[in-house]
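Engineer: need a structure here:
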Amino acid sequence: MKLVSIVSCFFIVGIMTEAKEVGAAGQEGGRVYATELVHIAPHFVSMPIGRIVLIRRGSEYCAVKFAEVWKGKTESARFQNYESYYQGDGTGDFSSKNAQFTKDTLVDRQSVLGRLYPVPFGHRNLYIKCGAVKLLWSDSGTLYFSESPGRGGVELAPTEWTDISQVNVFDPRLKWYRYDEKRKDIYIPIDQLWEDGEEEK
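Structural biologist: Down below sits the predicted model:
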């Protein structure tokens, strides 16, 4: 069982590393700046900083906005601030008193111990918390469809909105995406999100 757990751990780390390479546009000093493209992949959605992505699970709704992302002292140490809003009563009204607000910092700070049998270790906070919903994060605004890669659990809808007061979860312009391993990667400029500007690669 221990061997299976270690193999699973390396599988997840490998997928997350791939997502980082796709999601980050570049670096300047110790800071990482995100692309203005929305990236819709089979198992994740990557958002520009400051834009809101909506989450739907049945009658539950979340809104997540990523803030700055930066590197630590080592190449493997990355951080990103985010805020989330949760509404579980089916109304999608984030201005209601029963809506839950969360503000936190995501952390991926990991090293590898040993050469013959390498074991990853270090402080990590990889999960975006939004009320009763928890989803895996992987650098530069990358949000998975579940708590682990390769599984579906929620629907995600990228938006152009920058403030929670703008959000309408029933807006007809929204396009909701599910986990789909057959979907090709889609890249959409954020200012063309609600136009016919999808480009598959």
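Engineer: first-to-last residue distance for stretch 172-180?
Structural biologist: Across stretch 172-180, the terminal residues are separated by 22 Å (CA to CA, to the nearest Å).
Engineer: repeat for stretch 39-50
Structural biologist: End-to-end distance of stretch 39-50 (CA to CA): 15 Å.
Engineer: touching it from outside, list them.
Structural biologist: 15, 19, 22-23, 33-38, 53, 65-69, 138, 140-145, 149-151, 156, 158, 162, 177, 179-183, 185-188, 190 (CB atoms under 8 Å, 6 or more residues apart in numbering). For every residue, glycine as well, the C-beta is placed using N, CA and C.
Engineer: got any ranges where the chain has weak pLDDT?
Structural biologist: 1-35, 72-76, 109-123, 150, 196-201 (pLDDT under 70).
Engineer: can you name the residues that contact Ser59?
Structural biologist: Gly88, Asp89, Gly90.
Engineer: hang on, isn't the second one packed against Lys97?
Structural biologist: No. Applying CB atoms under 8 Å, one finds Asp89 not in contact with Lys97, separated by 10.9 Å.
Engineer: how close does the nearest residue to Leu135 once chain neighbours are set aside sit to Ser84?
Structural biologist: Of all residues not flanking Leu135 in the chain, Ile128 sits nearest, at 5.0 Å (CB to CB, 6 or more residues apart in numbering). According to CB to CB, to the nearest Å, Ile128 stands 6 Å off from Ser84.
Engineer: next, show the common contact partners of those two.
Structural biologist: Common contact partners of Ile128 and Ser84 (CB under 8 Å, 6+ apart): Val64.
Engineer: Asn54 against Arg173, yeah?
Structural biologist: Residue 54: Leu, not Asn. No. Using CB under 8 Å, Leu54 is not in contact with Arg173, being 11.6 Å away.
Engineer: brilliant, that's me finished.
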